[in-house]
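Visitor: here's a sequence, model it:
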Amino acid sequence: MEARQIVKSFPGGAVALDHVSIAIERNEFFTLLGPSGCGKTTLLRLIAGFEQPTAGEIFLDGQRIEHLPPFRRPINTVFQSYALFPHMTVGQNIAFGLEMQGIPRAEIGRRVTEMLDLVKLGGFEGRKVDQMSGGQQQRVALARALANRPKVLLLDEPLSALDLKLRKEMQIELKRLQTETGITFVFVTHDQEEALTMSDRIAVMSAGRILQVGAPRAIYETPEHRFVADFIGESDFLPALVEAAGAGGVAYRLASGARVEGPVQEFNPGASVSLSTRPERLSLAAADMPGGLAGTIEALVYSGTDTTFHVTLDDGAGRLRVREQNMAGRPFAHARGDRVAVLVPAAAVRAFRDFKD
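Guide: Numbers count the residues shown, from 1 in each chain. Now for the predicted structure:
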């Protein structure tokens, strides 16, 4: 599936999508990730046929489909609300779309059974959907959407109404379903962890544009925009100047005068940048440790598996968070008010030019 130079504007001049182009591979779990209002659901609705683009083209298997109504596209959608029929049984909900297509009753029965087994709800075909839990209803909605054997399944934040534990379970289930069926899944979410957990590739969106597309590891490890670094996971930013740049890496100078090394990036000496670091990549040491950034622990947050230390650096250099794993039987080595040094490995640094992306 491919979208080319898609523009979607609304009366009054609001632009939801600004020349968006994206290519989604067959049998891929592809996620559109971004904050509310970034255009991800609008793009999903254009693919489904519920909206028409102001400009641009949408292709499926090499054929243009943007002019086709939803019922003529081999695409199904699972909505955030599931949109199940409460007066029908589970089996009747799954069979509904098949009946509309005039599929023989015997084949409908076979497919309903197949779908129930696929979503692990075998034996539930006679139950009313309003007698089921949220997680079970979500599985019924998936079964109904998959029963028609679409080429593409669109999922519009279908896990948002579930509690945390069930949501994590369903993340694994969705990926299993996509792998077993071989259907292309296009998933919309604002939850970064959800996207990283399930996706083959992720498109990060902001203000109607796609900023970066890549595998979860690439998106997390090598963000191309400050927005991506800030939105995916946790990052802290320090203002700095490029002191030197060469084949061996880049040297940066903080406001305090401290020096930080980073990997190779394309910068000229004297450039103003923001240095991005992730808390889990940093570590704490004694305050007089050579090469560390001196500072004071202002707060610490215990979260079970980890403790996050909030460090204010000396001389107005900025603030950093350092996350350390809690090991059984090992007491905290640091407390609030302690003087420490933050160790910043060169590989943990990513720099961005100081202008808005």
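
Visitor: please report how far residue 229 lies from residue 162.
Guide: 28 Å (CB to CB, to the nearest Å). Bear in mind the C-beta positions are built from the backbone N, C-alpha and C, glycine included.

Visitor: now the lengthiest helix in the chain: average pLDDT?
Guide: In terms of residue count, the longest helix belonging to the chain (DSSP state H) is helix 164-181. For helix 164-181, mean pLDDT is 88.

Visitor: export whichever helix or strand comes after that helix as CSV, just CAs?
Guide: Following helix 164-181 in sequence order, the next helix or strand is strand 184-189 (DSSP states H and E). Output of strand 184-189 as CSV, limited to C-alpha atoms (Å, rounded to 0.1, in the frame of the first residue of the first chain):
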residue,chain,number,x,y,z
THR,A,184,-1.1,-6.1,6.6
PHE,A,185,-1.9,-4.3,9.8
VAL,A,186,-1.9,-0.5,10.0
PHE,A,187,-2.1,0.6,13.6
VAL,A,188,-2.8,4.1,15.0
THR,A,189,-1.6,5.0,18.5
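
Visitor: now strand 184-189 against helix 164-181, angle please.
Guide: Angle, strand 184-189 to helix 164-181, by axes from the mean of the first three to the mean of the last three CA atoms, to 10 degrees: 160 degrees.

Visitor: contacts for strand 184-189?
Guide: Residues outside strand 184-189 that contact it (CB atoms under 8 Å, 6 or more residues apart in numbering): 1, 24-33, 40-41, 44, 47, 151-157, 159-160, 174, 178, 195, 198-199.

Visitor: which element is encountered next along the chain beyond it?
Guide: Counting by DSSP H and E, the element after strand 184-189 in chain order, helix or strand, is helix 192-198.

Visitor: please compute how far that following helix lies from its chain's middle.
Guide: Put simply, helix 192-198 sits 5 Å off its chain's centre (CA atoms, centre = their mean, to the nearest Å).

Visitor: neighbouring contacts of it?
Guide: Outside helix 192-198, the residues that touch it by CB under 8 Å, 6+ apart are 29, 31, 33, 159, 167-168, 171-172, 174-175, 187, 189, 202, 216, 219-220, 231-233.

Visitor: are any of the residues you listed buried, and if so which?
Guide: 29, 31, 33, 159, 167, 171, 174-175, 187, 189, 202, 216, 219-220, 231-233 (16 or more other CB atoms under 10 Å).

Visitor: and residue 152, how far from residue 333?
Guide: 52 Å.
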